[in-house]
Structures are given as C-alpha cells and as structure tokens.
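[1] missing the sequence, but the structure's below:
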C-alpha cells in the first residue's frame, strides 16, 4: 500500500496528457470542421526545436544541466528558449495562413 502514491501521481499525469490531447483534437475539429491528427507531429517538431535551441545556447551535452540553466539560472539558454518559442509560434501562424486558409 505505500507504493500507491507514486502510481497515483503517474496515473494522474498520464491522464492529464490524454485530456490535453483530446481537448486539442476537439478544439481543432470545432474550429475548422476537419479532424487534424497531425498535431502530434507538430508538437514533436516544436519540442525538438526547443531542446536544440537550449542545448546550443547552453553549450552543453548534458540535457539536465542545459534545462536547469534555461529555466532557473537565466542567461543565454533562457533567451534561446524564448526565441525558439517565438519561431515556433510564427511557424504555426504560417502553416495556418498558407495551408488551412488557402485550402478553404
């Protein structure tokens, strides 16, 4: 019974991820009328871009140290993560304008 706590936290966090994915699908379907199953791919691209920017800015091969530097210590890695998020937002807007708007 003492092992119930970590399993409960892991189950709740996994459930939260599934809820977010489901809500994202519903919002996209309601807004566009098209079931877009490519949101996982776009999420993967955004995560890869963010991790790459943080690792390059931190000049580190250790991902844990790089993320600590990005989110707690400030400096170049924080600026790189902010820049990566801006680039990803611009990519999303470009995709929306070029593909979704032009196809309708």
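    That came in fine, so what should we check first? Computed from a predicted structure; not experimentally measured.

[2] can you pull out the helices in this protein?
    In the chain, the helices defined using DSSP state H lie at 4-32, 39-58, 63-68, 76-95, 102-103.

[3] Phi, psi for residue 35 please.
    Backbone geometry at residue 35, expressed as degrees, to the nearest 10, gives phi -80, psi 110.

[4] brain fart, residue 36
    According to degrees, to the nearest 10, residue 36 has phi -100, psi 110.

[5] burial count for it?
    The local packing of residue 36 (other CB atoms under 10 Å) involves 14 other residues. Quick note: C-beta positions are derived from backbone N, CA and C, even for glycine.

[6] circling back to that earlier point, adding mean pLDDT as columns, could you present the helices of the chain in a markdown table?
    What follows is the helices of the chain, written out as a markdown table (pLDDT from 0 to 100):
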| stretch | mean pLDDT |
| --- | --- |
| helix 4-32 | 84 |
| helix 39-58 | 73 |
| helix 63-68 | 71 |
| helix 76-95 | 76 |
| helix 102-103 | 72 |
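
[7] Distance check, the nearest residue to residue 53 once chain neighbours are set aside against residue 39.
    For residue 53, ignoring the flanking residues on the chain, the nearest one in space by CB to CB, 6 or more residues apart in numbering is residue 84 at 3.8 Å. Going from residue 84 to residue 39 by CB to CB, to the nearest Å gives 18 Å.

[8] Between these two, which is the more surrounded one?
    residue 84 (22 against 13).

[9] how close does that one get to residue 38?
    Residue 84 is 20 Å from residue 38, by CB to CB.

[10] Surely residue 100 touches residue 33?
    No. Using CB atoms under 8 Å, residue 100 makes no contact with residue 33, being 10.8 Å away.

[11] what about these two, which has more around it?
    residue 100 (14 against 8).

[12] Now do the same contact list for the more buried one.
    residue 32 (CB atoms under 8 Å, 6 or more residues apart in numbering).
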